[in-house]
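J.: Got a predicted model here, sequence first, then my questions.
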Amino acid sequence: MSELPIKKPWRRFIAGAECPSCNKTDTTYLDQRHGSEFRVCVRCEFEEPRLEPVEAEPLRFQPE
Ligand SMILES: [Zn+2]
């Protein structure tokens, strides 16, 4: 076992996703910047903000 990386970059590849720019599959991953998710391609310079909303939670009222 080697040393554990203390700081691991937040990078999550999207399985089966196709890059709209270079048309390659499995080359795009989600990157997190400034609290927002971006879809980035490792083959070309494609990147765009992730359009899907991040899990909307219903508002709850908390009576005191
Ligand atoms: Zn690409």
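T.: Sure thing, it's come through.

J.: Check the residue nearest to the spatial centre of the chain and give its pLDDT.
T.: The central residue of the chain, meaning the one whose C-alpha is nearest the mean C-alpha position (C-alpha atoms, centre = their mean), is Leu30 at 2.0 Å. Per-residue confidence (pLDDT) for Leu30: 89.

J.: do the same with Pro53
T.: Pro53 carries a pLDDT score of 56 in this model.

J.: who touches the residue nearest to the centre of the chain in this structure?
T.: If a contact means C-beta atoms under 8 Å, 6 or more residues apart in numbering, then Leu30 has Arg11, Arg12, Phe13, Ile14, Glu37, Phe38, Arg39, Val40, Arg50 as its contacts. Quick note: C-beta positions are derived from backbone N, CA and C, even for glycine.

J.: try 7 Å this time
T.: If you count contacts by C-beta atoms under 7 Å, 6 or more residues apart in numbering, Leu30 has them with Arg12, Ile14, Glu37, Arg39, Arg50.

J.: Compile these into TSV and extend it with columns for secondary structure, pLDDT and distance to Arg60.
T.: Formatted as TSV, the entries for the contacts of Leu30 read as follows, by DSSP: H, G, I helix; E, B strand; the rest coil; pLDDT from 0 to 100; distance: C-beta to C-beta, whole Å:
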residue	secondary structure	pLDDT	distance to Arg60
Arg12	strand	87	29
Ile14	coil	88	31
Glu37	strand	85	25
Arg39	strand	91	31
Arg50	coil	80	26
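
J.: for those, which one is nearest the ion?
T.: Nearest to the ion among those, counting by C-beta to the ion, is Arg39 at 9.9 Å.

J.: who touches the closest one in this structure?
T.: By C-beta under 7 Å, 6+ apart, the contact set of Arg39 is Thr28, Leu30, Glu47, Glu48, Arg50.

J.: Could you tell me which of these are located in helices?
T.: Filtering the contacts of Arg39 for membership in helices, criterion DSSP state H, returns an empty set.

J.: Among those residues, pick out the one closest to the ion, please.
T.: Nearest to the ion among those, with distances taken as C-beta to the ion, is Thr28, at 6.8 Å.

J.: so the closest one touches Pro20, yeah?
T.: No: if you go by C-beta atoms under 7 Å, Thr28 and Pro20 don't touch, sitting 8.9 Å apart.
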